[in-house]
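A.B. asks: Sharing a model prediction with you, sequence too.
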Amino acid sequence: MSATSARAWRTAAVLLPLGVAGAHIGPAATWLRSVRLPLFPRLAGTGPRHHIALTFDDGPDPVATPRFLDTLDRLGVRATFFVLGERALRHPELVEETARRGHEVAVHGWTHDRPWRPAVARESAGVARAARAVHDLTGHRPQWYRPPYGILTSGRLLAARRAGLRPVLWSVWARDWLADATAESVRALVAADLRGGGTVLLHDSDGFAATDCWRATLDALPAIVTDCREAGLTVGPLRDHAPWPAPRS
């Protein structure tokens with residue numbers, strides 16, 4: 001082998017893994033609001049100007065989720081709950097109750113892990129397993145997939161596609177997973193970016209966040225809904241965020 005060929009092989013040996021890693025993690029750039037909102041509005045959950053999609057991640061939680069369901073009942077609001085498959089099977093009655101009360105149940109993955117290394121087969125198996133669990137417990141095929149931490153990768157995108165799910169992130173968050181979150185801070189952060197057509201990210205669990213942080217979200221929820229209604233906006237689940245198609249039964 002000539003010196004030139006040897007250098008070419010060494011260069012390829014360096015660049016190929018970098019290219020694979022870049023292809024794997026490249027979609028994670030959509031986590032940035034400045035990228036997601038203008039370039040990928042459907043991924044950001046942008047819908048019609050009169051509507052706000054209300055979404056909750058990380059459940060079901062046997063302590064917190066029932067309180068959110070009761071509060072939403074009192075407010076006359078339905079929402080989309082992105083559940084983890086392993087938690088759904090641990091608390092199946094909560095998933096069933098969420099659907100029974102008229103809420104939409106979507107997929108947040110099987111576990112709440114970070115996808116730094118390519119694992120296409122594992123991602124596909126986990127998302128498919130979570131989707132089957134939601135279907136079995138609710139009687140409806142889930143339509144949406146939101147990855148843990150909002151980090152999309154090529155593997156997660158492929159997993160969602162194979163499972164027949166549409167990836168969706170958010171346009172508004174409240175940083176309600178932090179230890180210093182309060183009802184006032186949660187409401188203020190949502191209000192600061194509140195626009196018709198937005199998708200709001202909240203959490204009905206502290207399983208992957210500061211202990212009891214969900215209490216701030218729960219306390220802020222009535223004010224958030226009031227703010228939306230006073231702005232002339234309706235609040236509901238992603239399935240009502242037309243013009244997207246209705247979920248399959």
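C.D. replies: Everything's here; your move. Just so we're clear, the structure is a prediction, and the values are computed from it rather than from any experiment.

A.B. asks: to the chain's geometric centre, what's the distance from the longest strand anywhere in the chain?
C.D. replies: The residue-count maximum for a strand in the chain (DSSP state E) belongs to strand 51-59. The chain centroid and the centroid of strand 51-59 are separated by 8 Å under Cα atoms, centre = their mean, to the nearest Å.

A.B. asks: Equivalent analysis for stretch 73-89, please.
C.D. replies: The answer for stretch 73-89 is 12 Å, by Cα atoms, centre = their mean.

A.B. asks: and if you look at stretch 111-128?
C.D. replies: Its chain's C-alpha centre and that of stretch 111-128 lie 15 Å apart, by Cα atoms, centre = their mean.

A.B. asks: buried ones in that stretch?
C.D. replies: By neighbour count on 16 or more other Cβ atoms under 10 Å, the buried set for stretch 111-128 is 112-113, 115, 118-119, 122-124, 126-128. In this view, the C-beta of every residue, glycine as well, is placed from N, C-alpha and C.

A.B. asks: if you look at the residues you listed, which of them are in helices?
C.D. replies: 122-124, 126-128 (DSSP state H).

A.B. asks: got those as JSON lines, with distance to residue 52 and pLDDT columns?
C.D. replies: Output for these, formatted as JSON lines (distance: Cβ to Cβ, whole Å; pLDDT from 0 to 100):
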{"residue": "122", "distance to residue 52": "34", "pLDDT": "90"}
{"residue": "123", "distance to residue 52": "30", "pLDDT": "91"}
{"residue": "124", "distance to residue 52": "32", "pLDDT": "93"}
{"residue": "126", "distance to residue 52": "30", "pLDDT": "96"}
{"residue": "127", "distance to residue 52": "26", "pLDDT": "97"}
{"residue": "128", "distance to residue 52": "30", "pLDDT": "97"}
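
A.B. asks: If I look at the nearest residue to residue 29 once chain neighbours are set aside, what pLDDT would I see?
C.D. replies: Of all residues not flanking residue 29 in the chain, residue 35 sits nearest, at 5.2 Å (Cβ to Cβ, 6 or more residues apart in numbering). Residue 35 carries a pLDDT value of 93.

A.B. asks: now do residue 120
C.D. replies: Confidence score, pLDDT, at residue 120: 83.

A.B. asks: How many residues are close by residue 149?
C.D. replies: 15 (other Cβ atoms under 10 Å).

A.B. asks: re the thing from before, how about the ones in helices among the buried residues of stretch 111-128 in CSV, adding distance to residue 203?
C.D. replies: Formatted as CSV, those follow (distance: Cβ to Cβ, whole Å):
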residue, distance to residue 203
122, 24
123, 22
124, 26
126, 20
127, 20
128, 24
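
A.B. asks: between those, which is nearest residue 28?
C.D. replies: residue 123 (13.4 Å; Cβ to Cβ).

A.B. asks: residues contacting that closest one?
C.D. replies: 115, 153, 155-156, 158-159 (Cβ atoms under 8 Å, 6 or more residues apart in numbering).
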